[in-house]
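J.: Fold the following and give me the result.
(one chain, ligands or ions: 2)
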Amino acid sequence: MLAADLLYEGKAKKIYRTDVPSVLLAVYKDDATAFNAQKRGEIVGKGKMNCAIAAHLFRQLGAVGIPTHFIDQPAPDQMRVKAVTIIPLEVVVRNIAAGSLCQQTGLKLGTVLKQPLVDFYYKDDALGDPLLTRDRIALLELATEAEVAQLQHMALKINTILSDFFQQCEITLVDFKLEFGWDTHHQLLLADEISPDTCRLWNQAEADPDRRILDKDRFRHDLGDVEAGYAQVMARVLAQARSHP
Ligand code: ADP
Ligand code: MG
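T.: Numbers count the residues shown, from 1 in each chain. Ligands and ions are numbered 1, 2, ... in the order given. Okay, the predicted model is just below:
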């Protein structure tokens, strides 16, 4: 990897060009940020753990027909992906009320939603990734109505698959964030990452509301044992992937 090939450095990954224009190399970092990068730190081993978790989840999704950007994992913290034009929307699927949904609606933490909720946020750090309405997505021309419907449909399908997968790991998938992009054939691909940085994951063996948390909320709220939470997710995901290849 040459510094000259660095296309973009984000908060969690460095994206490099490769010899093949349609292929990028994503290098997962240990850096952790929260609250729109106001809180910064490091989670030792996170790059490798998130890369391994994301690789397995992308493989699982690909196997059941969800098109993803994942190609392969040439090193523990590296993923080769298909280059896409990222749609600047964070597509969030929620099964249980937590985080900003509780703050903005008054719903109690842990409320099981009658049906999954799909929220769209504007992927724009300078604006603080604000919650969007369908009309604002149209106003800003971020996606057409048909594309929004397609994103919603794919996100709900992914939710069903991932919820089922994590259930087998005895983990509850509370909510998660997805990013999608267009490849050169104008196909919509699931991109970016799926990891404890981007999901809320609760250990079903723990009833305590702090102890059950296995995701970035441990870092956000200084709950300690952050690495242990990520390691627990990785161990269960890899064990599940091995028993159901
Ligand atoms: P951020 O700081 O925006 O969270 P990350 O460090 O998570 O960024 O990721 C780096 C960037 O790579 C993000 O802007 C993300 O949208 C982008 N990205 C992810 N997958 C792809 C892909 N397949 N093609 C192009 N860009 C991608
Ligand atoms: Mg990111």
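
J.: check contacts around residue 172.
T.: By Cβ atoms under 8 Å, 6 or more residues apart in numbering, residue 172 lies in contact with 95, 96, 166, 201, 202, 204. Where you see a C-beta, it was placed from the backbone N, CA and C, and this is true even at glycine.

J.: cutoff 6 Å now
T.: Counting by Cβ atoms under 6 Å, 6 or more residues apart in numbering, residue 172 touches 202, 204.

J.: what about it, which SS state?
T.: strand (DSSP: H, G, I helix; E, B strand; the rest coil).

J.: now it: how far from ligand 1?
T.: Distance, residue 172 to ligand 1, using Cβ to the nearest ligand atom, to the nearest Å: 24 Å.

J.: Quick check: the gap between that residue and residue 94.
T.: Between residue 172 and residue 94 the distance is 12 Å, computed by Cβ to Cβ, to the nearest Å.

J.: Common neighbours of these two, please.
T.: By Cβ under 6 Å, 6+ apart, no residue touches both residue 172 and residue 94.

J.: all strands in this protein, in order from the N-terminus.
T.: 6-9, 13-17, 23-28, 31-34, 39-42, 70-75, 78-82, 85-86, 89-96, 112-122, 171-182, 188-191, 199-203 (DSSP state E).

J.: tell me what the third one is packed against?
T.: The contact analysis (3 or more Cβ pairs under 6 Å, 6 or more residues apart in numbering; DSSP states H and E) places strand 23-28 against strand 13-17, helix 46-63, strand 78-82.
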